[in-house]
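Trainee: Attaching a predicted model along with its sequence, questions to come.
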Amino acid sequence: MREAWIGLHDPKDVIRTWYWSLPGEEFNESETDWKEGEPSDRGSGTESCGFLYKSLKWADTGCQHDRHFICYNATNTTQKYHLIKEQKTWQKAQSYCREKHTDLVSGLKQLQDGELKKVMESVGNYTYIHFGLFRDSWRWSDGSSFSFRHWNNELNNIQYNSDLCAMTVFDGEGRWKNDSCGIKKPFICYDDKVILIKESKTWEEALYYCRDHHHDLVTITNLDEQRWVQEKAKKASTDYVWMGLRYTCTLDFWFWVSDEVVSYQNWASDGLMDDCDMSGAMETGGQHQWRKTNDLMMFNFICSNN
């Protein structure tokens, strides 16, 4: 087997949607900083990538243009933003950032960061800078809004509203290609291991509900699990959802009720101090960070199925 269908397709007559390159970062139409007259989408809908002016105002452009670009580094606290003066197309810039840093700079929080403004001071007056904004008409079959793309072609060669489907190629890199949806190929299924319960309960009530009807309150041990759970959380009817994260004031540490070690963490920086009767809840919007919350609060919650 050299290739297999994945759940990404490009329906006809669907409006292109803006996304941030960094997975999990939500694009909000009401929170933008376009330069006046932008996005212009000149050239019959061919401008599907974003660039920054030195002023940090946004504009749209064709993805095929070679430009400088800015990478974001989530793990390096001494320097979060890196201006790369080697010129690349938007997709090649994205690949470079993902290989050597975290991703292209993405989201209002990063774009309004004073550290980024200092980096932009070294940009020439007429230089346009690629950043992590793109749009397309591709949709996931399960309705999720994942922005992650892994094409093996330049974005400007990807047709939009093409009525094509995506497949992964087993060539060592696993990059994607498109093809007619009517062609028979092997395909990849997934089992949904987490479920959102749209009922409001205290943390303890949520725990017992999950154990009675499913397996347990959800555990998150890495970034991939975080991204998957936050996709579920977006559909909640409360501002937060309970997770299986609990604080013991007797022993003074946080633990997962599934007995997993709390290795991966995504706490909000302005969270409360550790205290008795506190459990972990995830934001259903924004950055989907974790909050230390009184466990008598009533939230939706996420269960694991195994």
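Mentor: Okay, I see it. Everything numeric here is computed off the predicted structure, so don't read it as measured data. Residues are numbered from 1 along each chain as shown.

Trainee: what sits against residue 218?
Mentor: With contact taken as Cβ atoms under 8 Å, 6 or more residues apart in numbering, residue 218 is in contact with 194, 229, 243, 244, 302, 303, 304. Every C-beta, even on glycine, is put in place using the N, C-alpha and C of the backbone.

Trainee: Excluding covalently adjacent residues, which one is nearest to it?
Mentor: residue 302 (4.3 Å; Cβ to Cβ, 6 or more residues apart in numbering).

Trainee: name the helices or strands packed onto the helix or strand hosting the one you found?
Mentor: Secondary structure from DSSP states H and E places residue 302 in strand 299-304. Strand 299-304 is packed against strand 194-201, helix 203-213, strand 216-217, helix 223-233, strand 240-248, with contacts defined by 3 or more Cβ pairs under 8 Å, 6 or more residues apart in numbering; DSSP states H and E.

Trainee: Using CSV, lay out those together with mean pLDDT, distance to residue 27 and mean neighbour count.
Mentor: Below are the helices and strands packed on strand 299-304 laid out as CSV (pLDDT from 0 to 100; distance: least, Cβ to Cβ, whole Å; neighbours: other Cβ atoms under 10 Å):
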stretch, mean pLDDT, distance to residue 27, mean neighbour count
strand 194-201, 95, 22, 17
helix 203-213, 96, 30, 17
strand 216-217, 96, 30, 22
helix 223-233, 88, 15, 19
strand 240-248, 96, 21, 23
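
Trainee: Scan the helices and strands of this structure for the one with the lowest mean pLDDT.
Mentor: Counting by mean pLDDT, DSSP states H and E, the chain has its least confident helix or strand at helix 42-45, which shows a mean of 65.

Trainee: picking that back up, please tell me how far the residue nearest to residue 218 sits from residue 194.
Mentor: For residue 302, the distance to residue 194 equals 5 Å [Cβ to Cβ, to the nearest Å].

Trainee: circling back: the residue nearest to residue 218 and residue 217 touch, don't they?
Mentor: Yes - between residue 302 and residue 217 there is a contact at 7.2 Å, judged by Cβ atoms under 8 Å.

Trainee: joint contacts of these two?
Mentor: When contacts are counted by Cβ under 8 Å, 6+ apart, residue 302 and residue 217 are jointly contacted by 242, 243.

Trainee: Now the phi/psi pair for residue 15, please.
Mentor: When read as degrees, to the nearest 10, the backbone of residue 15 gives phi -70, psi 140.

Trainee: Can you name the next helix or strand after the least confident helix or strand of the chain?
Mentor: strand 49-52.
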